[in-house]
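Trainee: show me how the following folds:
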Amino acid sequence: MSEKEIEDLKKQLKAARAREENERREKEEAKAREENERREKEEAKAREENERRKSQKTTLAEYLYNCHFDLYQKLRLAGPSESSTGLATSVDGKYYPRWLRPWQAFTDNGRREHFDDIIRICGERRLFQQESTTRDNGINFERKKAGYENAIDHFEKTAVEDPTWMILEPVWADRELRQKYQITDLTFINGIRNFKDLNEDIEAETKTGRGKQQPDGGGIRTGIDENESPAFMYDYKAAHKFAAEDLEAALEKETLFMDVYEWAQTEQYKTDSTLRTKEREAARIAMALIQVFNYMLWYGVGYGYVAAGKSLVLLYYDRAEPLVLRWHLCVPDKMVIRPTAELHVEQMSQTAVAQLASFCLLSLRSQALTGRPLKEAMNQAEGILKKWKREAYTDPVTPQESDDTDSSSSMPSRGTDKSFAFVRILRRLSRDEDEEGGAEGYQRQHGAGTSVNKGEKDSSRKSKERGTEGSAPAPTKQYCTQACLLGLKLGRELDSRCPNVLYHGVGGNTRHPIDAQELTELMSEQLRQDPYGSCDALIGRRKYGSSGVLFKLELARFGYTFVGKGTVSARPRRLEHECSIYQRLEKLQGDVVPVHLGRVSFHPGYLLPGGAYVIHMMLMSWAGVAMDLAPSNLEWEVQRSIQTIYENGVNHQDEREPNLLWNAERCRVMVIDFDQATVLPPPKHKRLSKLSKAGRKRKGDEFNYDSTKRGAPGVLRRSVQSVQ
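Mentor: Okay, here's the model as predicted:
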């Protein structure tokens, strides 16, 4: 083979190899393009799935995960120089417990037991906010550092309370669990009333400098019977004042309160700049716990907590061990680690939302004390507990450590014999509750009397109010009719339609055995002897306003049943003014306004949740039901009643829906609450009076009911404007 042929073969081989290389390269490029297209499709699918996941409802596990990592952990704390400063909150004169102990029952079993109810109901259903909403809320907290308590207030509402309410909502929707917890709703409410704001001498009260008088908020349950009552109390604290490491150190000290008390008495912690930081922080923590402890006492609940952004201190007080306050510390950032495997709801049970939800359910297992039981509990507290800066615990005897899993077996300190008497009373009350059927029985006994006569029969069957020996039961009778009480006041014959007429008649007499003045005197004496017998505060039925609390009253001797508007003021000027307005409208009583029976004063009074005492009451007939319970559209009836009052010389000035009630007996709207009313000046001339009435008739269109404003009677132009 010639050299030329060899050279040609080499060229052909080289060309073939080049073609093969090109083909290989083209195949690789094609494969790379295919791989790139596949990857782009997968990325697009992942983005689409991610967007879908962000915008779809979440499961319980997903929601708790999002709340913790995308919301709770986004809180940024300001440094000390940017934060609120100052020392501990003043708790001077407040009760404080002797011992501080772990709430082991909640840590070991209670938390998980109640969280299991939530897991069982929610399962894998997608019920909760989408991820994008939670993440957006978290971004807002990243933008600004939190230094003051009002910033923690906003954070706790958004990051903890609202999510807790959301995961509890499915529980109330389940019939079995509604019955178990005897509840239809639980709401976090800020500014729980202690009713001391009813005091008209409030300025003098605040000048005494007694410190904070009401909690930042509370959990309010709505029972199956529609009664509202507190379940727990809480306070917010600036996070930098409640650092987790300081909390852990302070809470581990069983004698924290007594230790702080000793050196706080010297005022050293207020003036000594060299005071050790740990002691200062211990004082802040101790006094914050004492503050919430007092709210728990005065509102008659056994549960409370302190929220500080990065931590929750859950509190439990068992009155069977009256010197002990128990705690459970929740620091989610230390307990919850970002999972790497498949997400399970069990991993999220340590989050702040999950733990608070379990705490809420546990708090529903006991009812708040009201009326006589609350007063008895506070009397016993007075004999057992000491008051801050007033008296120290000097008894050296240390009580035996008790197991908090069963309060009935817990024994208090032997430091005072009164504590044993207290436990005996509580156990007797507990046995009474058990005999009545647990929580259901308690509600039957303590449910506030209904304000609707229609429901009185059910209330009478259910309610056998427990009291101490020799005391009268709470009112169980239906309300007397308007005709009955008006007849009593005017000396007329008994009203045969009154449901209590058989109790009024004496010896077959057809006339009332007493008059209004005698009724007032008898009721006053009855309340002085026992303010809790035949007297029931209707707070649970939301029967209270800006100037008073409504009570259901029953005159035990003659069965007269009516209502009393109570006030806590030593000088009840507004109540006196309202009485004078009723006297002005005397000829409208029992028809347009309730029958006014008089006013009573009694000491020491009726203890309300929060610590205020009602010492004055205005007595009157029960007016009727709320407008939304009325049988039909009552715009014209509202107009007619308000105008009638105006024509009788009174300008009501507060014609809101709560002050307008439908009375089925009289088939008309009754108007109540005249504490803001004014007496109109009389016309200067008879002719002017006639012209005024004629003018009102011509301007009838001005008196039309403004249906766009729910509950705003438009009888008078000023009335509509006042609501708008």
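
Trainee: residues contacting stretch 675-682, please?
Mentor: 546-548, 574-575, 577-578, 581, 584, 646, 649-654 (C-beta atoms under 8 Å, 6 or more residues apart in numbering). Placement of C-beta: from N, CA and C, glycine included.

Trainee: so which helix or strand takes in the residue nearest to the spatial centre of the chain?
Mentor: The centroid of the chain falls nearest to residue 220 when counting by C-alpha atoms, centre = their mean (3.1 Å). Taking DSSP states H and E as the criterion, residue 220 maps to strand 217-222.

Trainee: likewise residue 603?
Mentor: Following DSSP H and E, the helix or strand that holds residue 603 is strand 596-607.

Trainee: same deal with residue 186?
Mentor: Per DSSP H and E: residue 186 is located in strand 185-190.

Trainee: ok, that strand: who's next to it in the sheet?
Mentor: Note on strand 185-190: by DSSP bridges, its sheet partners are strand 217-222 (antiparallel).

Trainee: before we move on, the earlier item: average model confidence for the strand holding residue 220?
Mentor: Mean per-residue pLDDT for strand 217-222: 96.

Trainee: mind exporting that strand as CSV, just the C-alpha atoms?
Mentor: This file holds the C-alpha atoms of strand 217-222, laid out as CSV (Å, rounded to 0.1, in the frame of the first residue of the first chain):
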residue,chain,number,x,y,z
GLY,A,217,-56.4,39.5,80.7
GLY,A,218,-58.3,36.3,81.4
GLY,A,219,-59.8,33.2,79.8
ILE,A,220,-63.6,33.5,79.8
ARG,A,221,-65.6,30.3,79.2
THR,A,222,-69.1,30.2,77.9
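
Trainee: which residues touch that strand?
Mentor: Here strand 217-222 makes contact (C-beta under 8 Å, 6+ apart) with 183-192, 228-236, 295, 299, 360, 363-364.

Trainee: and the strand holding residue 603, what does it pack onto?
Mentor: helix 371-384, helix 482-490, helix 516-529, strand 561-567, helix 573-584, strand 613-620 (3 or more C-beta pairs under 8 Å, 6 or more residues apart in numbering; DSSP states H and E).

Trainee: elements contacting the third one?
Mentor: Put plainly, it is helix 516-529. Helices and strands touching helix 516-529, by 3+ C-beta pairs under 8 Å, 6+ apart, are helix 482-490, strand 596-607, strand 613-620.

Trainee: domain assignment for this protein?
Mentor: 60-78+86-194+206-426, 468-622, 626-723 (automatic domain parsing).

Trainee: how far off centre is the strand holding residue 220?
Mentor: 3 Å (C-alpha atoms, centre = their mean, to the nearest Å).

Trainee: given whatever helix or strand comes next after that strand, what are its sheet partners and their directions?
Mentor: Using DSSP H and E, the helix or strand that follows strand 217-222 in sequence is strand 228-236. Here strand 228-236 is paired, per DSSP bridges, with strand 217-222 (antiparallel), strand 303-307 (parallel).

Trainee: mind saving the C-alpha coords of strand 228-236 as PDB?
Mentor: Output of strand 228-236 as PDB, limited to C-alpha atoms (Å, rounded to 0.1, in the frame of the first residue of the first chain):
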ATOM      1  CA  GLU A 228     -69.900  33.200  81.300                       C
ATOM      2  CA  SER A 229     -67.300  32.700  83.900                       C
ATOM      3  CA  PRO A 230     -63.500  33.100  84.300                       C
ATOM      4  CA  ALA A 231     -61.300  30.000  83.800                       C
ATOM      5  CA  PHE A 232     -57.900  31.600  84.400                       C
ATOM      6  CA  MET A 233     -56.100  35.000  84.700                       C
ATOM      7  CA  TYR A 234     -52.900  36.200  83.100                       C
ATOM      8  CA  ASP A 235     -50.400  39.000  83.000                       C
ATOM      9  CA  TYR A 236     -47.800  40.100  80.400                       C
END
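
Trainee: buried residues, it. List them.
Mentor: Neighbour-count burial for strand 228-236 flags 228-236 (criterion: 16 or more other C-beta atoms under 10 Å).

Trainee: now that strand, how far from the centre of its chain.
Mentor: Relative to its parent chain, strand 228-236 has a centroid offset of 5 Å by C-alpha atoms, centre = their mean.

Trainee: returning to that earlier point: out of the helices and strands packed on helix 516-529, nearest to residue 167?
Mentor: With C-beta to C-beta, the closest approach to residue 167 among the helices and strands packed on helix 516-529 belongs to strand 596-607: 35.5 Å.
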